[in-house]
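Visitor: What follows is a predicted protein model with its sequence.
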Amino acid sequence: MKAVVLISLKQMELADVPAPTIKKETDVLLKIERVGVCGSDVHYYETGRIGEQIVEYPFIIGHECSAMVKAVGSSVTRVKVGDEVVVDPAASCHQCDQCIQDRENTCHNIRFLGAPGQGGGCLCEYLVMPEECCFPTNGEITLEQGALCEPLSIGVYAVKRACLPKDADVAILGAGPIGLSCLLNVNAENARACYMTEKIDERIKGARQGGATWVGNPNEQDVVKEILQQQPAGIDVVFECAGQQETIDQAIELLEPGGRLVLIGSPREERVSFDIDRIRRKEITITNIRRQNKCTQKAIDLIASGKVNTDFMITHRFPLEQTNKAFDLVAGYRDGVIKAMISL
């Protein structure tokens, strides 16, 4: 089968690799249809690692995908041949202490698509996944929307863990796909106001299109000052989606006493810092988000119901043969890219 293989930093090639086969009675053979390019994929592309997860070349990356079922194991009942499905990229063991505590996203034995040491990615024609990772769409959403369900489900999970108060005033720092996914979910939960910050003009437009109350560019204005002029008491919850020290610092300034900082962005540095005096005096709660936990179906349902519209996030489309070009575009934040989508 065809696959796009990462062979060194910023270098991919189209290769023929062995096609996977069904080995377990719960396996599902999938024909991959759409793959979204994620920021974490770009980390591996540019640096060859995320923290302790280090790429060993050659390696197939990618984890946001939709697919069509081609074959199923003998005990599979959830899906059938011909079904279009959204793929949850995480397969947990269901036996470790984390899984027993209903924290499958921090499973000690998790296997995640396109994560070094865990599993190859989905930038290939065929993939085998456990039945539990395959969510039928029943024709209610498109294949492109299906691929967007993975980042949207992170937004679902982040908003769930944020424990938004009634009539919440929210800020989201960073209007990439994850920030916009948080925005859509915040609005679906009927927050009173949602302020966003972003440096890229096209993403600013996307934030406005997604329903942000106010959007500011920190390169051109004092975003903290302007938000606090509108919210003098401070913000209830801030979602940090840029993975930058600058936005972490801004979040602390924006939060009201007793507020919550939700960290979602993945910094490239190994360490970040906090103004301990500020977060202690304000008694700020800090919540980290690790991917998502059992939120894929809700993401599908939100799109199918019309409560959220993710279509505006897809700004660029590429065939599999131009995957390298797609990754260069996303890595360089060029041409106003929000989400690049690859078709197989």
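Guide: Structure received. Numbering: from 1, shown residues only.
Visitor: Give me the phi and psi for the spatially most central residue of the chain.
Guide: The structure's the chain has its C-alpha centroid closest to residue 151; by CA atoms, centre = their mean the separation is 3.0 Å. Per-residue torsions, residue 151: phi -60, psi -40 (degrees, to the nearest 10).
Visitor: Let me see the confidence value for it.
Guide: In this model, residue 151 is scored at 97, pLDDT.
Visitor: In contact with it, which residues?
Guide: Residue 151 sits next to 36, 38, 64, 177-178, 181, 339 when contact means CB atoms under 8 Å, 6 or more residues apart in numbering. The C-beta positions use only the backbone N, C-alpha and C, and glycine is treated the same way.
Visitor: now residue 283
Guide: Taking CB under 8 Å, 6+ apart as the test, what residue 283 contacts is 257-258.
Visitor: What's the separation between it and residue 156?
Guide: Remark: distance between residue 283 and residue 156 (CB to CB, to the nearest Å) = 27 Å.
Visitor: do residue 136 as well
Guide: Per CB to CB, residue 136 is found 18 Å from residue 156.
Visitor: So if I had to pick from those two, which one is more boxed in?
Guide: Neighbour comparison, residue 136 and residue 156: the larger count goes to residue 156, with 28 against 16 (by other CB atoms under 10 Å).
Visitor: Neighbours of the residue nearest to that one when sequence neighbours are not counted, how many?
Guide: Distances taken as CB to CB, 6 or more residues apart in numbering place residue 295 nearest to residue 156, at 4.1 Å, with adjacent residues excluded. Using other CB under 10 Å, residue 295 is surrounded by 24 other residues.
Visitor: again with residue 43
Guide: Counted with other CB under 10 Å, the neighbours of residue 43 add up to 20.
Visitor: who's in contact with it?
Guide: Taking CB under 8 Å, 6+ apart, we find residue 43 in contact with 49-50, 266, 268.
Visitor: again, 6 Å this time
Guide: Counting by CB atoms under 6 Å, 6 or more residues apart in numbering, residue 43 touches residue 50.
Visitor: Make sure it is indeed in a helix.
Guide: Yes: Residue 43: assigned to a helix according to DSSP: H, G, I helix; E, B strand; the rest coil.
Visitor: For residue 293, what are phi and psi?
Guide: Recorded main-chain torsions at residue 293 are phi -140, psi 100, according to degrees, to the nearest 10.
Visitor: Report the spatially closest residue to it, excluding sequence-adjacent ones.
Guide: Leaving out its chain neighbours, the residue that sits closest to residue 293 by CB to CB, 6+ apart is residue 105, at 4.0 Å.
Visitor: got it, and residue 16?
Guide: Closest to residue 16 by CB to CB, 6+ apart is residue 2, at 6.5 Å.
Visitor: looking at it, the one you found is touching residue 125, isn't it?
Guide: Yes: with contact defined as CB atoms under 6 Å, residue 2 reaches residue 125; the gap is 5.2 Å.
Visitor: Find me the pLDDT at the residue nearest to residue 16, would you?
Guide: For residue 2, pLDDT reads 98.
Visitor: Likewise for the one 4 residues further on?
Guide: Residue-level confidence at residue 6 comes out at 98, pLDDT.
Visitor: tell me which residues in the helix or strand that contains it are buried?
Guide: Residue 6 is part of strand 2-8 when elements are defined by DSSP states H and E. Across strand 2-8, burial judged by 16 or more other CB atoms under 10 Å covers 3-6.
Visitor: pLDDT weak spots in this protein?
Guide: Within the chain, no stretch has pLDDT under 70.
Visitor: That one - how does it break down into domains?
Guide: With domains defined by automatic domain parsing, the chain comprises 2-136+310-343, 152-288.
Visitor: quick one, which of these is nearest to residue 143?
Guide: domain 2-136+310-343 (4.6 Å; CB to CB).
Visitor: mind checking how far the closest one is from the chain centre?
Guide: Computed by CA atoms, centre = their mean, to the nearest Å, the chain-centroid distance of domain 2-136+310-343 equals 12 Å.
Visitor: can you check stretch 202-215 too?
Guide: 18 Å.
Visitor: what does that stretch contact?
Guide: With CB under 6 Å, 6+ apart, stretch 202-215 has contacts from 175, 180, 183-184, 187, 193-196, 198, 312, 336, 338.
Visitor: Quick check: PyMOL command selecting the buried ones in these.
Guide: Filtering the contacts of stretch 202-215 down to the buried ones (16+ other CB under 10 Å) takes a single PyMOL command:
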select buried, resi 175+180+183+184+187+193+194+195+196+198+338
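Visitor: tell me the two of the contacts of stretch 202-215 that are most distant?
Guide: Top of the distance list for the contacts of stretch 202-215 (CB to CB): 193 and 336, 26.0 Å.
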